[in-house]
Each structure stands twice: as C-alpha cells, then as structure tokens.
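> Just a sequence and a predicted model for now, questions to come.
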Amino acid sequence: MRYIAFEGVDGAGKTTVAGRVADALRHDGFDVVMVREPGGTPIGEAVRQILLEAGESMVPRTEALLFAAARTQLAAEVIEPALAHGSFVLSDRTVYSSLAYQGGGRNLGVESVREPNVWGLGKVWPELVIWLDVDPETGLSREDGADRISNEGPALMQAVAGAYRALSESEPERIHRIDAGQDLDRVVADCLAVIEAAS
Ligand code: TYD
C-alpha cells in the first residue's frame with residue numbers, strides 16, 4: 001500500500017509525523033513523494049488561498065467542492081504519476097479530511113461529500129489512512145498559525161474528531177488510529193509499524 005494519508009484534527013502533528021515517516025522510508029531506500037492538501041499544484045495552491053482566506057460568505061457546499069477540485073488536480077498531476085512510478089505518496093490530509101470536516105464538521109453528510117470526490121479521484125484513493133488521534137483542545141492549543149477553519153474553535157473540532165472516529169469504525173481495514181498524545185518518537189514508530197504491516 002503506497003498511497004498513505006495522514007489525518008486528524010488541527011494540531012494533531014500530521015506534518016511533523018509525515019516528515020519523519022518519509023525520512024525513515026527514504027533511509028530504507030524507498031522513493032517518497034510528499035504532498036499536502038489543499039495545495040500541492042499551482043492550481044491547488046491558488047484554490048488553497050481562496051479556501052483558507054475567504055470571508056464568512058463561503059457556503060459549506062462551495063467549500064466542499066473547492067477542496068475536491070484542488071484534490072482532483074493533485075491526484076491527476078502528482079499522485080497518479082508518482083504511484084505509477086512506484087513511489088510512496090505520503091499526503092498531509094486527503095479526501096478523509098473532507099469527509100470529516102465538511103461531511104461531519106459542517107454537517108453536509110459524509111456520503112454527500114464522498115460523491116464529488118469519488119467522481120474527481122476515480123481510483124486514486126488513499127489505501128492506508130493514519131488517523132493521528134489527539135484531544136481537539138490539545139490540538140488547538142498546539143496550533144500556531146490559525147486559518148479560517150481552525151479559527152472556528154472547539155465545537156467544529158469536536159465534531160470533526162467524532163467524524164474521524166465514526167469513519168475509522170466504518171472502514172477499519174483502511175483507517176488506523178494512532179494515539180498522537182504520545183511522544184513523537186513513539187508516534188512515528190507506531191506509524192511505521194502500521195505501514196510495514198500493510199505492505
Ligand atoms: P492547514 O494549514 O493545512 O492545516 P493543518 O496544518 O492543521 O492541516 O489548513 C488546512 C485546513 O483546512 C484545516 O483546518 C483543515 C481544513 N480542511 C478541510 O476542512 N477539508 C479538507 O478537505 C482539507 C484537505 C482541509
């Protein structure tokens with residue numbers, strides 16, 4: 001399984017952990033491509049600006065569709081070619097963020113949000129999802145640069161955390177929970193063990 005997602009509420013440590021996991025895989029001789037969502041392509045970065053800086057007038061469905069659009073571009077331009085080349089793709093957030101934030105957090109419904117993503121992504125779907133589970137309050141207190149979405153605070157983040165939990169229960173083979181309250185070395189070791197067991 002080579003397309004690996006790092007997921008969790010804001011401040012769960014995805015970026016740091018994904019970087020450490022990439023270092024370890026490269027050290028073992030694997031080719032690793034790292035991407036982040038929203039973003040990762042010129043079009044995706046432009047959409048990211050709109051998403052993170054838009055005013056309050058953006059309605060939840062527009063938000064969901066823009067995330068899906070940025071992701072569709074990333075899948076076609078970067079992820080699919082990297083997987084075809086045999087690389088690992090480690091992604092800081094994926095479609096599972098949309099399912100948790102827009103589906104759960106914004107109350108659009110997980111299955112409704114899944115639809116445009118299935119259409120956009122086709123078979124380029126994360127094979128393994130590492131859910132870095134941390135108490136949302138702890139996550140928010142770790143955040144430095146806040147954006148429009150993380151600015152909304154504890155109520156949204158509690159709903160997002162609940163959505164990740166429900167997703168992990170409905171897709172237990174794909175989604176693996178890791179306790180992100182542990183120290184960093186332990187979290188990284190747990191991630192590597194999950195990746196190894198899945199490959
Ligand atoms: P980012 O700066 O990447 O936050 P973090 O480092 O915490 O991941 O900003 C991404 C924000 O966008 C974050 O609050 C999560 C949110 N988001 C969604 O709501 N839906 C999505 O599909 C994605 C990819 C991100």
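It's in.
> What residues does the spatially most central residue of the chain make contact with?
The centre of the chain sits closest to Arg93, judged by Cα atoms, centre = their mean, with a distance of 1.6 Å. Counting by Cβ atoms under 8 Å, 6 or more residues apart in numbering, Arg93 makes contact with Ala5, Phe6, Glu7, Lys14, Arg36, Glu37, Pro38. Every C-beta, even on glycine, is put in place using the N, C-alpha and C of the backbone.
> which one of those is nearest the ligand?
Nearest to the ligand, judged by Cβ to the nearest ligand atom, of these is Glu37 at 3.8 Å.
> Surely the closest one touches Ala70?
Yes. Counting by Cβ atoms under 8 Å, Glu37 touches Ala70, with 6.7 Å between them.
> least trustworthy helix or strand in this protein by mean pLDDT?
helix 136-142 (a mean of 82; mean pLDDT, DSSP states H and E).
> So which residues make contact with whatever helix or strand comes next after that one?
Under the assignment DSSP states H and E, the closest C-terminal helix or strand after helix 136-142 is helix 154-170. Contact with helix 154-170 is made by 7-10, 96, 99-101, 103-105, 107, 110, 131, 133, 136-137, 139-140, 149-150, 175-177, as judged by Cβ under 8 Å, 6+ apart.
> Quick check: strands, which of those are part of them?
When strands are assigned by DSSP state E, the members of the contacts of helix 154-170 inside them are Glu7, Trp131, Asp133, Ile175, His176, Arg177.
> out of these, who has the most neighbours?
Glu7 (25 neighbours; other Cβ atoms under 10 Å).
> partner residues bridging it?
Beta bridges link Glu7 to Trp131, judged by DSSP bridges.
> Can you name the residues of this protein that neighbour the ligand?
10, 14-15, 37-38, 52, 67, 93, 97-98, 101-102, 147, 149-150 (Cβ under 6 Å from any ligand atom).
> Would you list the buried entries among these?
By neighbour count, with 16 or more other Cβ atoms under 10 Å, the residues of the chain next to the ligand hold 10, 14, 37-38, 52, 67, 93, 97-98, 101-102, 149-150 as buried.
> Tell me where this protein has helices.
Counting by DSSP state H, residue ranges of the helices within the chain are 14-27, 42-53, 60-74, 80-84, 95-98, 110-121, 136-142, 154-170, 184-198.
> The ones you listed: which one's closest to Glu127?
Nearest to Glu127 among these is helix 184-198 (7.7 Å), distances taken as Cβ to Cβ.
> now that closest one against helix 14-27, angle please.
With axes from the mean of the first three to the mean of the last three Cα atoms, to 10 degrees defining the directions, helix 184-198 sits at 60 degrees from helix 14-27.
> Excluding its own residues, what touches helix 184-198? List them.
1, 4, 13, 16-17, 20-21, 24-25, 127-128, 130, 132, 176, 178-180, 182.
> Noted, bye for now.
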